[in-house]
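S.K.: Below are the sequence and a predicted model for it; my questions follow.
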Amino acid sequence: DATHPPQRNKVNHFAGGIAPDAFTLDAVESPRNGNWFLVTLAARRGLTLLESQPGVDPGKLGVYGHSMGGRLTTQLTGIDKRVKAAVPSCGGSGDLTATLEEMPGGQRSSAGLSALACVSENPYIRRIAIPTLWLSPTNDFHAHMDNMAWNWREVPDSLLQLSMSPHFNHRHDHASALTQHFWFETHLKGKQGLIPSTPTIALELGRIPKVVVTPDPTKMCENVRIYFTQDVHELTRFWRHADARHENGRWVSDAPLLDASQPLFAFANVVYATPEEYRKIAN
């Protein structure tokens, strides 16, 4: 069998190519010629093997993957109902189809319609129906932040939460590892009180715009870090940071504009107190 999922092929079929060559399954243009078909099939077989093992609860299978594995995690989550919780890391943002008018700073996807329909992760994202933690830094070259914001906007808020490291590319800060651990502790082991509700963020316009964040009031909030920028290019975007003021349960940061003709992007990381039993992991 000439089929070989890793990147040995003369044509890189991980890049969306579905044309035939000596290494493909089909001799005609086919989604089965894309390597993502092969690795997703292999991952589903991996779940089948895992659920048959002694000591494994087949009703509590979770998936985590990084980079190519992050995209694979997204595709597996969208297509296989055996997955009950997922954490895609630095992968799975999808191909952007928005126009510049629809999304400031956005760029049209170079993927063809056939690739978007059957090779891209876009169709899988629309099928996500389980708790999913998006774990990705702000400047990742592979899982573009703006693509994720656009393509994942229809995933219900009740299922999706975010953990994003500022200024990083294709890796995370240390605190994100604990967030990932809490995700599986909560959604696979049924432990309560570890995952806070998603904080709210709002923009108050005025002479100097203000970014306002309201954390989960049931948790002990230690700090709120608010980041903002007007740089439209997501890969080289520099996120400015200003000290947030604590005002009546809200955290407020000024976001002065450098150019009123450019869009303003903002997000925040809320830091909560780590439960005593998990502090060794955090350190």
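M.R.: That came through fine. Numbering: from 1, shown residues only.
S.K.: What is the least confident helix or strand in the chain?
M.R.: helix 113-118 (a mean of 68; mean pLDDT, DSSP states H and E).
S.K.: And for whatever helix or strand comes next after it, what's in contact with it?
M.R.: Downstream of helix 113-118, the first helix or strand assigned by DSSP states H and E is helix 122-125. Helix 122-125 is contacted from outside by 74-75, 77-79, 92, 94-95, 97, 116-117, 151-152, 155, using C-beta atoms under 8 Å, 6 or more residues apart in numbering. Any C-beta I mention is one placed from the backbone N, CA and C, and that applies to glycine too.
S.K.: Give the residue spans of the stretch 1-150 of the chain that score low on pLDDT.
M.R.: 1-13, 16, 99-101, 103-115 (pLDDT under 70).
S.K.: again, 90 this time
M.R.: 1-26, 29-39, 95-120 (pLDDT under 90).
S.K.: all strands for it, in order.
M.R.: 61-66, 83-89, 132-135 (DSSP state E, counting those that start in this stretch).
S.K.: Packing partners of the last one?
M.R.: Read it as strand 132-135. strand 83-89, strand 160-163, helix 175-187 (3 or more C-beta pairs under 8 Å, 6 or more residues apart in numbering; DSSP states H and E).
S.K.: so what strands line up beside the shortest one?
M.R.: Read it as strand 160-163. strand 132-135 (parallel) (DSSP bridges).
S.K.: what's the partner strand in contact with?
M.R.: Under C-beta under 8 Å, 6+ apart, the answer for strand 132-135 is 70, 77, 85-90, 148, 152, 155, 159-164, 172, 176, 179-180, 183.
S.K.: Any idea how many residues pack against residue 145?
M.R.: 20 (other C-beta atoms under 10 Å).
S.K.: Skipping adjacent residues, who's closest to it in space?
M.R.: Spatially, and ignoring its direct neighbours in sequence, residue 145 is nearest to residue 234 (5.1 Å; C-beta to C-beta, 6 or more residues apart in numbering).
S.K.: what's the answer for residue 197, then?
M.R.: residue 216 (4.6 Å).
S.K.: Quick one: residues contacting residue 164.
M.R.: Applying C-beta under 8 Å, 6+ apart, the residues near residue 164 are 134, 135, 136, 137, 138, 145, 267, 269.
S.K.: do you know how far it is from residue 267?
M.R.: From residue 164 across to residue 267, the span is 6 Å (C-beta to C-beta, to the nearest Å).
S.K.: Please apply the same query to residue 139.
M.R.: Distance from residue 139 to residue 267, by C-beta to C-beta: 12 Å.
S.K.: again with residue 274
M.R.: 22 Å.
S.K.: now residue 93
M.R.: 15 Å.
S.K.: Then residue 14?
M.R.: 29 Å.
S.K.: next one: residue 181
M.R.: 22 Å.
S.K.: These two: which has the busier surroundings?
M.R.: Using other C-beta under 10 Å, the more surrounded residue of residue 181 and residue 267 is residue 267, with 19 against 15.
S.K.: mind listing what the more buried one touches?
M.R.: Contacts of residue 267 (C-beta under 8 Å, 6+ apart): 138, 164, 201, 226, 227.
S.K.: one more time with 6 Å
M.R.: residue 227 (C-beta atoms under 6 Å, 6 or more residues apart in numbering).
S.K.: what helix or strand does it sit in?
M.R.: Assigned by DSSP H and E, residue 267 falls in strand 265-272.
S.K.: now that strand and helix 175-187, what's the angle there?
M.R.: 70 degrees (axes from the mean of the first three to the mean of the last three C-alpha atoms, to 10 degrees).
S.K.: For the spatially most central residue of the chain, name its beta-bridge partners.
M.R.: In the chain, the residue lying closest to the centroid (C-alpha atoms, centre = their mean) is residue 134, at 3.2 Å. Beta bridges link residue 134 to residue 162, judged by DSSP bridges.
S.K.: That one and residue 58, how far apart?
M.R.: Relative to residue 58, and taking C-beta to C-beta, residue 134 is found at 26 Å.
S.K.: Check residue 154 too.
M.R.: 29 Å.
S.K.: okay, those two: which has more neighbours?
M.R.: Legend: neighbour count by other C-beta under 10 Å for residue 154 and residue 58, higher for residue 58 (13 against 8).
S.K.: Thanks again, I'm all set now.
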